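Novice: can't give you the sequence, but here's the structure:
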DNA sequence: CTAGACCATATTTTCGAAAATCATACCGTT
DNA sequence: AACGGTATGATTTTCGAAAATATGGTCTAG
């Protein structure tokens, strides 16, 4: 029996507000709600079936995450994109992720190694099964997120992990932005494999270098293929 | 004519929700609302004169900043404190602030130098005038915040500045926590002066080292004098 | 023809009542 | 006495109406 049979309203989290926050976040990251799009209450009300104030709570939370732009007395809109913002997010990600990889490699135990290996394995399975544009596949997105999450999960700082997760989401939105115009994805599978091996063999310097390249080349890709969307701001 | 004559409701920001977010943030940082304190709506309603939903919006925003703990279906409370949390905030601050100081020293122009010098000057003036417990003085708090803000203001990344500001607020709460038990403040004035000089003379390595010591010794102080508040968790 | 004031409409923001949920005390049963 | 279920009160969460504010267009004066 599919549990969708008993799905009255809420799916993620117990409150409607938390659920809508989650759904809105996903739609913004996937660019189903395009950057700069005004978020008017009557439209959202129809789309999500919630009241003004519940929607307002969700939008306020997303504004704090940097995915929504709150313009006082003039409503909300999806956070706009810009080349500068992409650069800042990339730099911040490198700064944080490099530190967390180092800490994880130093502190990671058996469970951490297992998590890294198994999340990569699942990611590769999904890529085999369906070797085309991966960002269109929700399962690939989840598996990709979980692999990168696993890599840093042993760092020991919930504070830095939360910051990292926020930056990851904001970067993922930019990847979606360029996904429709990118001719063919480069060899991410190979990069992920190499990162995993460096991490498991506790070669921190190599892992750090690979991660930085991974993040920066992804951003370069976005800047190239979404250039027409970044310069019109 | 003082503009307080025409202050019907709002003070900071144009919406009541933004105003209440600001006021709640200040009270939490100052530990006027102590860590772990339940934030019940009828109490807040009386204290701030706003409705349920407006308060809810403010609390949701503060939860995203890490100052409030949202327990789904069971309300909100002031974020609890712990030794582990203090360590994480301190480490994260060092990571970010060190990077931002470097960038600011490299990129800062004349206006940056002027901002650093003038904010420190104001801070010293306030300290002369009233040499006792500085955290009790709202003016000192603002001046202190502005000096540290000025130091990193030329870094060129609004993204990292926002992260830094959040961590600064969370750290300031811990400083307030121990302020009542600390016998006498150490020589912060001298430290600030040395940091300013290193920054202005573009000695990045020295400035970075001084900032790191500044942050860590402050945290050590908190851990010492607020120990009884951190271990009971 | 332009600038500014004014009105009408669209949209956001706020409110308190009502619904949903949780915590507690009570009661009956074993 | 211990346990489990249930009623009751306390608290949070959600809703749509009402108030506040912005937007866009029209008219008038210069």
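Specialist: Thanks, I have it. Every value quoted in this text rests on a predicted model; they were computed, and no experiment measured them. Numbering: from 1, shown residues only, chains lettered A, B, ... in the order given.
Novice: Give me every residue in chain A lying close to chain B.
Specialist: Neighbours of chain B within chain A, by C-beta under 8 Å from any C-beta of the partner chain: A:13-15, A:17-18, A:53, A:56-57, A:60-61, A:63-66, A:72-73, A:85, A:88-89, A:91-92, A:95-96, A:99, A:157-160, A:162-163, A:167. Just so you know, the C-beta spots here come from the backbone N, C-alpha and C atoms, and that holds for glycine as well.
Novice: Near DNA strand C, list only the ones from those residues.
Specialist: Filtering the residues of chain A next to chain B for neighbours of DNA strand C using C-beta under 7 Å from any atom of the strand leaves A:14, A:53, A:56, A:72, A:73.
Novice: wait, which of these is closest to residue B:201?
Specialist: Of all these, residue A:72 has the smallest distance to residue B:201: 41.2 Å, by C-beta to C-beta.
Novice: which SS class is that closest one?
Specialist: Following DSSP: H, G, I helix; E, B strand; the rest coil, residue A:72 is assigned to coil.
Novice: If you drop the residues flanking it in sequence, what lies closest to it?
Specialist: Leaving aside its sequence neighbours, residue A:72 sits nearest to residue B:14 (C-beta to C-beta, 6 or more residues apart in numbering or on different chains; 4.3 Å).
Novice: Could you say which helix or strand holds the residue nearest to the spatial centre of chain A?
Specialist: Most central in chain A under C-alpha atoms, centre = their mean is residue A:169, positioned 3.0 Å from the mean C-alpha point. Assigned by DSSP states H and E, residue A:169 belongs to helix A:158-179.
Novice: and the strand or helix carrying residue A:27, how far from the chain's centre?
Specialist: Assigned by DSSP H and E, residue A:27 falls within helix A:16-29. Chain-centre distance of helix A:16-29: 13 Å, with C-alpha atoms, centre = their mean, to the nearest Å.
Novice: again, but for stretch A:15-32
Specialist: 13 Å.
Novice: buried stuff in it?
Specialist: Buried residues in stretch A:15-32, counting neighbours by 16 or more other C-beta atoms under 10 Å in any protein chain shown, are found at A:15-22, A:24-25, A:28-31.
Novice: Over to stretch A:178-193?
Specialist: For stretch A:178-193, the neighbour count (16+ other C-beta under 10 Å) marks A:178, A:179, A:182, A:185, A:189, A:191, A:192 as buried.
Novice: just stretch A:49-62 next, same as before
Specialist: Within stretch A:49-62, the residues that count as buried by 16+ other C-beta under 10 Å are A:50, A:53, A:54, A:55, A:56, A:57, A:58, A:59, A:60, A:61, A:62.
Novice: Among those residues, which pair sits farthest apart?
Specialist: Farthest apart among these by C-beta to C-beta are A:53 and A:62. That separation is 15.2 Å.
Novice: correct me, but residue A:198 touches residue A:210?
Specialist: Yes: Residue A:198 is in contact with residue A:210 according to C-beta atoms under 8 Å; the separation is 5.8 Å.
Novice: and the closest residue in space to residue A:36 that isn't next to it in sequence, how many neighbours?
Specialist: Leaving aside its sequence neighbours, residue A:36 sits nearest to residue A:80 (C-beta to C-beta, 6+ apart; 4.5 Å). Neighbours of residue A:80 under the rule other C-beta atoms under 10 Å in any protein chain shown: 12.
Novice: Which elements pack onto the lengthiest helix in chain A?
Specialist: With secondary structure taken from DSSP state H, chain A has its longest helix at helix A:83-107. Here helix A:83-107 touches helix A:138-152, helix A:158-179, helix A:188-200, helix A:204-225, helix B:83-107, helix B:158-179, going by 3 or more C-beta pairs under 8 Å, 6 or more residues apart in numbering or on different chains; DSSP states H and E.
Novice: How about chain A: which residue is closest to chain B?
Specialist: Residue nearest to chain B within chain A: residue A:64 (3.4 Å; C-beta to the nearest C-beta).
Novice: Now that residue. Nearest residue, chain neighbours left out?
Specialist: According to C-beta to C-beta, 6+ apart, the nearest residue to residue A:64 is residue B:64 (3.4 Å).
Novice: do the same with residue A:159
Specialist: The spatially closest residue to residue A:159, leaving aside those adjacent along the chain, is residue B:88, at 4.0 Å (C-beta to C-beta, 6+ apart).
Novice: The one you found contacts residue A:161, correct?
Specialist: No: contact criterion C-beta under 8 Å: residue B:88 and residue A:161 do not qualify, at 9.5 Å.
Novice: Which of the two has more residues huddled nearby?
Specialist: Between residue B:88 and residue A:161, residue B:88 has the larger neighbour count (other C-beta under 10 Å), namely 21 against 17.
Novice: contacting residues around the more buried one?
Specialist: A:157, A:158, A:159, A:160 (C-beta atoms under 8 Å, 6 or more residues apart in numbering or on different chains).
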